[in-house]
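Chemist: Could you work out the structure for the sequence below:
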Amino acid sequence: MVNILWLLMIGASIFMFIARGDYEGVMNTITTSAESSVELLIVFLGAMSIWTGVIKLCEKSGISDVISKILSYPMKVLFPELHKKSKRAMDSIIMNISANILGLSDAATPFGIKAMEELQKINPEKDKVSDYMVTFLIVNASCIQLIPSTVISIRASLGAANPSDIIFPTIISTFISLIFGLISNLIFKRLFR
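Modeler: Residues are numbered from 1 along each chain as shown. From the prediction side, this is the model:
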C-alpha cells in the first residue's frame, strides 16, 4: 500500500511539472533529490553505526542489564505477568524500548520483531493479537525518546543552528502520545469486550 502511495505522489509531481511545461524542472528535481538522498544516507550511516556500536557496548559491559532492571518496573505495570510467562519476550521488549529511548529506531527493529515472535508463542489465540501485542505496539509506536539521535542527525546535516533543541519537545510529545495510546487502548478494550 505504501508503495502505491509513493508511486501516486511521484506520478502526480511529474504530471504537474509536465502540465506546467517545465520539463527541465523534472530533471533538476530528480537529480537534486537523488543527490540529497545520498548525502542524507551517508549522515544516517555514520550516526547509526555509532549508536549501534554503543548498543553493543552496552550489551557487552552489562549496562543493558542495568537499563533492563530500571525499565522492568514500569514494564511489569504495562505487561502484567509477562515476565513469568516469557522472559525472552520481556527482555526483547525492554531492549526495543531502550533503543527507542536513545532514538535508535533502526537498532530497535530487530528487538521489536523478536518481541512479537516471543509474544506470539504465548498467545492462546494464534489468529488474533493478544493484549500484550497491542500494548507493545502502542509503546513501540509512541517511541518515547530521551535522545532523538536520528532527528538530531538530520537537523545537523541540514545546517540547523542548534540541532539538539528538539530534545525537550520530543520527550513531551512522545510521552503524551504514549499516554493517549494507552488510554485509548483501555477504552476500546472495555467497549469491544
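Chemist: what about the most far-flung residue of the chain relative to its centre, which SS state?
Modeler: Centroid-distance maximum for the chain: residue 21 at 40.4 Å, with C-alpha atoms, centre = their mean. Classification of residue 21 using DSSP: H, G, I helix; E, B strand; the rest coil returns coil.
Chemist: Show me the shaky parts of this protein.
Modeler: Residues of the chain meeting the criterion pLDDT under 70: 103, 105.
Chemist: Please state the backbone phi and psi of the residue farthest from the centre of the chain?
Modeler: phi 80, psi 20 (degrees, to the nearest 10).
Chemist: what do you get for residue 128?
Modeler: Torsion angles, degrees, to the nearest 10, at residue 128: phi -130, psi 150.
Chemist: Next, work out how far apart it and residue 134 are.
Modeler: Separation of residue 128 from residue 134 (C-beta to C-beta, to the nearest Å): 10 Å. For glycine as for every other residue, the C-beta is placed from the backbone atoms N, C-alpha and C.
Chemist: Pick out whichever of the two has more residues nearby.
Modeler: Between residue 128 and residue 134, residue 134 has the larger neighbour count (other C-beta atoms under 10 Å), namely 15 against 8.
Chemist: I'd say that one and residue 186 touch.
Modeler: No - using C-beta atoms under 8 Å, residue 134 is not in contact with residue 186; the gap is 10.7 Å.
Chemist: show me where this structure has helices.
Modeler: 2-19, 23-61, 63-78, 82-85, 87-101, 105-121, 131-142, 149-157, 167-191 (DSSP state H).
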